[in-house]
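> just coords:
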């Protein structure tokens, strides 16, 4: 997927200035920036919820600018429907795509174990922990069935320990499913742990300040966060964000 | 200990107050402080209720029938209006103020007109019930539809969901709470509207029964009818509670967990 020269202004305020980025299949790419920097606006544009002033979104070389339903989008909150069971919530994206409820429920069944949600099928979201709800929201996003998933600060509402656990879980998940992820975050550590590449996003109006290629995942183990290499990356990002 | 006392005052308190009230009432009449022909004692009302039981039941079924038909149509109309106002903003702005104004007209004033226009049969009763019940349902359901989490609507939009699917999967279930709150109000309105319409003119029903016993100065029977109407309203309200429990099973599990 490619984002080409996207600009956007609200009234007289320029929010995005010629933002370009690209995603390769299977990659996890982080879009890192301070809160209120226009990251969510960019996501809304990619998801087709907001029109662009200029620029294009391309998916497999076809233009999807302004089209909804082309990518899987997960917003900050888990947004599980309180009146549907977890299985019912998972069936929602498939029902939206026209499947009957019965067929959708049957289709989502095998994914519960993969996503560590076995046993929660018939529970309501209110009885699940924050981490489990987030897993369910991620599964629902995945079940929408598009190649590219946009995740808008998916772990920001979780406590530090649960968040780490979710990071490990997510990376492990990614080895089992075929999904390309564009992740919005303001958490530098999270970006360094999860991403293959990082786009640093900043300025007024926002633009891509830098692109960082991280070492291959095989070289980043649980100790990576404690290495001087990690700190070098972190310092570099902090300097970029301060500009 | 304190908790227990609280529990007691919540559960038994109202019954205790009712009992004391009834005893006071009985005393006032039994000791002839208030003349019996003006205010019948609770025991008199009970005797009248037993004496006129079959007649009361016969009239109750008529009132209940009108109430249920009128209520169902009122609910249907209310929900439809809410959906249309939610969907089309211009209609909302045009219709909503008029709806509010329409509610300032007293039902007692419309009832005789409806009888004149629609006759002495069931039609004017049902119409009056629709007129009084659709409003709370329309306003509350609309509020429910409009308070749906905007982020959730964004999510549905990002999936490319049609309006119909957004309404069906997200908005209507979200409006259920509001809907049931309004239904509780509408149910009592419906019973009152039925009785008022019968009172003004008709061949049967508790309202007609009341006008007859009123003219005969049979106040004990009058009170018997009032008690019956109250019981009917309470019964319908508890039916609404049961219906809500059935329609919102996710609430059930949440409260059970707290317990």
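Arrived safely. The shown structure was predicted, so the numbers you read here are calculated from the model rather than taken from an experiment. Numbering: from 1, shown residues only, chains lettered A, B, ... in the order given.
> Can you show me the helices along chain A?
For chain A, the helices defined by DSSP state H occupy A:39-46, A:86-96, A:101-108, A:111-114, A:130-143, A:160-174, A:188-194, A:228-242.
> Kindly reformat those helices as JSON lines and extend each row with distance to chain B.
All C-beta atoms are positioned from the backbone trio N, CA, C, and that covers glycine. Formatted as JSON lines, the helices of chain A follow (distance: least, C-beta to the nearest C-beta, whole Å):
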{"stretch": "helix A:39-46", "distance to chain B": "8"}
{"stretch": "helix A:86-96", "distance to chain B": "5"}
{"stretch": "helix A:101-108", "distance to chain B": "10"}
{"stretch": "helix A:111-114", "distance to chain B": "17"}
{"stretch": "helix A:130-143", "distance to chain B": "9"}
{"stretch": "helix A:160-174", "distance to chain B": "20"}
{"stretch": "helix A:188-194", "distance to chain B": "21"}
{"stretch": "helix A:228-242", "distance to chain B": "26"}
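> Make CSV out of these and add mean neighbour count.
What follows is these, written out as CSV (neighbours: other C-beta atoms under 10 Å in any protein chain shown):
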stretch, mean neighbour count
helix A:39-46, 22
helix A:86-96, 23
helix A:101-108, 16
helix A:111-114, 14
helix A:130-143, 22
helix A:160-174, 15
helix A:188-194, 21
helix A:228-242, 14
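> Select, out of the ones you listed, the one closest to residue B:70.
Nearest to residue B:70 among the helices of chain A is helix A:101-108; the distance by C-beta to C-beta comes to 33.8 Å.
> now the angle between helix A:86-96 and the closest one, please.
Put simply, helix A:101-108 runs at 110 degrees to helix A:86-96, going by axes from the mean of the first three to the mean of the last three C-alpha atoms, to 10 degrees.
> per-domain residue ranges of chain A.
Under the assignment automatic domain parsing, the domains of chain A span A:1-71+A:148-243, A:74-145.
> Comparing these by mean pLDDT, which bottoms out?
In terms of mean pLDDT, the lowest-scoring of the domains of chain A is domain A:1-71+A:148-243 (a mean of 87).
> Chain B against chain A: which residues are in contact?
Applying C-beta under 8 Å from any C-beta of the partner chain, one finds that chain B approaches chain A through B:149, B:151-152, B:154-161, B:165, B:169-170, B:173-174, B:176, B:248, B:250, B:253-254, B:257.
> So which of those sit within helices?
Per DSSP H, those map to helices at B:151-152, B:154-158, B:165, B:173-174, B:176, B:250, B:253-254, B:257.
> can you pick the most crowded of these?
residue B:155 (28 neighbours; other C-beta atoms under 10 Å in any protein chain shown).
> Contact partners for that one?
A:73, A:75, A:79 (C-beta atoms under 8 Å, 6 or more residues apart in numbering or on different chains).
> residue nearest the centroid of chain A?
Nearest to the geometric centre of chain A sits residue A:151, at 1.8 Å (C-alpha atoms, centre = their mean).
> ok, it to chain B distance?
12 Å (C-beta to the nearest C-beta, to the nearest Å).
> Touching, that residue and residue A:182? I think so.
Yes: contact criterion C-beta atoms under 8 Å: residue A:151 and residue A:182 qualify, at 7.2 Å.
> And the residue of the stretch 51-200 of chain B found nearest chain A, its phi and psi?
For the stretch 51-200 of chain B and chain A, the shortest gap (C-beta to the nearest C-beta) falls at residue B:160, measuring 2.8 Å. Backbone torsions of residue B:160, given as degrees, to the nearest 10, read phi 70, psi 30.
> Could I get the contacting residues of it?
A:48, A:67-69, A:96.
> Determine which two of the ones in helices among the residues of chain B next to chain A are furthest apart.
Spanning the widest gap among those are B:157 and B:257, at 32.6 Å by C-beta to C-beta.
> Flag the shaky bits of chain B, pLDDT-wise.
Residue ranges of chain B with pLDDT under 70: B:1-5, B:8, B:253-259.
> ok, residue A:72 to residue B:159 distance?
8 Å (C-beta to C-beta, to the nearest Å).
> Tell me the residues that contact both of the two, please.
Common neighbours of residue A:72 and residue B:159 (C-beta under 8 Å, 6+ apart) are A:93, A:144.
> Can you report phi and psi for residue B:22?
Dihedral angles (degrees, to the nearest 10) for residue B:22: phi -60, psi -40.
> Skipping its backbone neighbours, what lies nearest residue A:171 in space?
residue A:194 (6.7 Å; C-beta to C-beta, 6 or more residues apart in numbering or on different chains).
> wait, doesn't that neighbour sit right on residue A:167?
Yes: between residue A:194 and residue A:167 there is a contact at 5.9 Å, judged by C-beta under 8 Å.
> Quickly list what residue A:59 is bridged to.
residue A:62 (DSSP bridges).
> mind listing what it touches?
Here residue A:59 is in contact with A:1, A:70-71, A:147-148 (C-beta under 8 Å, 6+ apart).
> What about chain B: which of those residues touch it?
Within the set of the contacts of residue A:59, contact with chain B (C-beta under 8 Å from any C-beta) is found for residue A:71.
> quick one: which of the ones in helices among the residues of chain B next to chain A is nearest residue B:66?
The closest of those, once distances to residue B:66 are taken by C-beta to C-beta, is residue B:176, at 26.6 Å.
> my guess is the closest one meets residue B:144, correct?
Yes: with contact defined as C-beta under 8 Å, residue B:176 reaches residue B:144; the gap is 7.2 Å.
> Once you drop chain neighbours, what's closest to residue 131?
All of this is about chain A. According to C-beta to C-beta, 6+ apart, the nearest residue to residue A:131 is residue A:162 (4.5 Å).
> not quite, I wanted chain B
residue B:110 (6.7 Å).
> pretty sure that neighbour is touching residue B:125, no?
No: Residue B:110 lies out of contact with residue B:125 (C-beta under 8 Å); the separation is 11.9 Å.
> quick one: which of those two has more around it?
Neighbour totals were compared for residue B:110 and residue B:125, and residue B:125 leads with 32 against 20 (other C-beta under 10 Å).
> Tell me the secondary structure at that one.
helix (DSSP: H, G, I helix; E, B strand; the rest coil).
> pretty sure it is touching residue B:206, no?
No: using C-beta under 8 Å, residue B:125 is not in contact with residue B:206; the gap is 11.3 Å.
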